[in-house]
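1. kindly return the folded structure for what I paste below:
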Amino acid sequence: MTDREKLYSGLSNAAWGYFFLTFDFNLNNVSVLPRFVGFYLLFSAIGKLSGERRDLNLLRPLCVLLTGWSGLDWLLSWVGGDVEGHILFLDLLVTVVTLYFHFQFLTDIAALSQRYQPEGDNLASRVRGHRTAFTLLITVFGLMADLTPVLPWEWWAGMIVFGALITCIVALIIMADLFHLRKLIGPEEEGPRL
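-> Coordinates of the predicted model:
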């Protein structure tokens, strides 16, 4: 696999990783789109993109931790349990690790975009803006999940639905950014066959 093909494949993995991390459909208590698959895809993307952005390798241990945490949560969902909400310190730690992971991963994607974007394209700037919006949204959701609501349930439920909708939209935009960068890089064309 050539370097451009690795980048192309890594960006595909990253885009689909964000899909699995953001969208969730359940059958009873079990997710059909488990989050650990999203983190596994991001782990794979890191391996393929780290040739261009070496500091991505620093995110590997965090990605392994997040894959294991979400995998354990998915396994427990089969018996009606979960890993969240039992120990506040662990919930906050996972939230902080998640925030740092996404912020740094998308910062590296913005730097990669800066290198490959054509003149006049502001993809790197857009990725940085979408990174900031995404991390702010997951910060708010992390705090909302860890704090007892002080508003009436109808307001609280409305805020959760509105926030989830905005987070889904931002995640779709990040996926579009990743696919746009993938298109800019494109796999190397095969030479003429003899």
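2. which strands or helices does the longest helix seen in the chain pack on?
-> Ranked by residue count and defined by DSSP state H, the top helix of the chain is helix 153-185. Packing partners of helix 153-185 (3 or more CB pairs under 8 Å, 6 or more residues apart in numbering; DSSP states H and E): helix 3-22, helix 88-116, helix 123-146. Backbone N, C-alpha and C define where each C-beta goes, glycine included.
3. where among those is average confidence lowest?
-> Confidence, taken as mean pLDDT, is least for helix 123-146 of those (a mean of 86).
4. just the buried residues of that one, please?
-> Across helix 123-146, burial judged by 16 or more other CB atoms under 10 Å covers 123-124, 126-128, 130-131, 133-135, 137-138, 142.
5. so can I have a markdown table of these showing distance to residue 40?
-> Output for the buried residues of helix 123-146, formatted as a markdown table (distance: CB to CB, whole Å):
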| residue | distance to residue 40 |
| --- | --- |
| 123 | 26 |
| 124 | 27 |
| 126 | 26 |
| 127 | 22 |
| 128 | 26 |
| 130 | 22 |
| 131 | 21 |
| 133 | 25 |
| 134 | 19 |
| 135 | 21 |
| 137 | 23 |
| 138 | 19 |
| 142 | 22 |
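6. between those, which is nearest residue 94?
-> residue 142 (8.6 Å; CB to CB).
7. can I get the helices and strands packed on helix 153-185 in JSON lines including distance to residue 74?
-> Output for those, formatted as JSON lines (distance: least, CB to CB, whole Å):
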{"stretch": "helix 3-22", "distance to residue 74": "11"}
{"stretch": "helix 88-116", "distance to residue 74": "14"}
{"stretch": "helix 123-146", "distance to residue 74": "17"}
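8. ok, which of the ones you listed comes nearest residue 183?
-> That would be helix 3-22 among these, by CB to CB, at 9.1 Å.
9. and that closest one, how far from the chain's centre?
-> On the basis of CA atoms, centre = their mean, to the nearest Å, helix 3-22 sits 10 Å off its chain's mean C-alpha point.
10. got the phi and psi for the closest residue to residue 23 other than its chain neighbours?
-> Spatial nearest neighbour of residue 23, chain neighbours left out: residue 33 (5.7 Å); criterion: CB to CB, 6 or more residues apart in numbering. Backbone torsions for residue 33, taken as degrees, to the nearest 10, come to phi -120, psi 80.
11. how many neighbouring residues does residue 33 have?
-> Neighbour count for residue 33, taken as other CB atoms under 10 Å: 14.
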